[in-house]
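Q: One predicted model, sequence on top.
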Amino acid sequence: MGDGGGGTSNNVYIRSEEYAWIPARLVESDGKEAKVAIPQYEAEEFIMSDGGKAAVGFKSAMVKLKDYANHSLPLQNCGPDGCLKEVDDMVDLPYLHEAAILFNLKKRHVDAKPYSRVADIVIAVNPYQWLTDLYTDKVRMYYAQKIVWDKNDQDPRIGLPPHLYEVSSLCYKGLAYEKLNQSILVSGESGAGKTETVKICMNH
């Protein structure tokens, strides 16, 4: 199998002791081992699913396929240009696996988009900075209007970027219209931003 340039079937992830998963390009495989070209980046923050466009070079390596599910390397969710196709809701990822989730979250984090969605779950990645444009009165009212007050037979979140305000709005709607008790489960490691998340929800 050739290196395939930016072809989507050649862009894969391989395991890394240091970074968990890193992007690579599949060169050839015999069903037991695969030869890959690993893009080399100047620093960890530059490691992206970009087809190696920002790489300073490539390093060849052999990986054992027995270490991977179904004896195949997980595919990247790339477009024809070899770059990651980022999604708001990770249910929409064509290839859903651990590496795909991590790199989708990383791309959104780099783009100052701390919120992502998995169906009814909102994932927040602590940006370690206050993104004031996400929490203005205009944004707060926009989510409340779309989710609580506007009449909609479909999922009111369709077309809305993932946000904590969708969680608080849905809970308020459940209380006000359906007269049902509501609860919000906030889970995460120490320093992940749980306390701030609760404050944002309650203030909304």
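A: Everything's here; your move. What you see is a predicted model; the values in this text were computed from it and never measured. Numbers count the residues shown, from 1 in each chain.
Q: Break down the chain into its strands, ranges please.
A: 11-16, 20-29, 33-40, 57-64, 115-118, 121-124 (DSSP state E).
Q: Now the residue lying farthest from the centre of the chain: phi and psi?
A: When distances are taken from the C-alpha mean of the chain, Lys179 lies farthest, 33.7 Å away, according to C-alpha atoms, centre = their mean. The phi/psi pair for Lys179 (degrees, to the nearest 10) reads phi 60, psi 40.
Q: you'd agree Val87 is up against Asn104?
A: Yes: with contact defined as C-beta atoms under 8 Å, Val87 and Asn104 form a contacting pair (6.4 Å). C-betas here are computed from N, CA, C, even on glycine.
Q: How many residues are close by the residue lying closest to Ser116 once chain neighbours are set aside?
A: Of all residues not flanking Ser116 in the chain, Ile123 sits nearest, at 4.6 Å (C-beta to C-beta, 6 or more residues apart in numbering). Ile123 has 16 neighbouring residues, counting by other C-beta atoms under 10 Å.
Q: and what of Leu164?
A: Using other C-beta under 10 Å: Leu164 sits among 24 other residues.
Q: cool, and Cys171?
A: With other C-beta under 10 Å as criterion, Cys171 counts 19.
Q: Okay, it and Ile184: tell me how far apart.
A: 6 Å (C-beta to C-beta, to the nearest Å).
Q: shared neighbours of those two, anything?
A: Common contacts of Cys171 and Ile184 (C-beta atoms under 8 Å, 6 or more residues apart in numbering): Cys201.
Q: separation between the residue farthest from the centre of the chain and Asp150?
A: Counting by C-beta to C-beta - Lys179 and Asp150 are separated by 20 Å.
Q: Over to Gly191?
A: Taking C-beta to C-beta, one finds Gly191 at 37 Å from Asp150.
Q: Can you give me the distance of the residue nearest to Ser116 to Val186?
A: 11 Å.
Q: remind me which residues of the chain are low pLDDT?
A: 1-9 (pLDDT under 70).
Q: What distance do you get for Cys78 to Arg25?
A: On the measure of C-beta to C-beta, Cys78 and Arg25 end up 11 Å apart.
Q: quick one: common contacting residues for the two?
A: 11, 51.
Q: so Tyr19 makes contact with Phe46?
A: No: the pair Tyr19 and Phe46 fails to qualify as a contact (C-beta under 8 Å) at a distance of 11.8 Å.
Q: More neighbours: these two, which one.
A: A count of neighbours by other C-beta under 10 Å puts Phe46 above the other of Tyr19 and Phe46, at 14 against 10.
Q: beta partners of the closest residue to Tyr95 other than its chain neighbours?
A: Nearest residue to Tyr95, sequence neighbours excluded (C-beta to C-beta, 6+ apart): Leu75, at 4.6 Å. Leu75 has the following beta-bridge partners by DSSP bridges: Val12.
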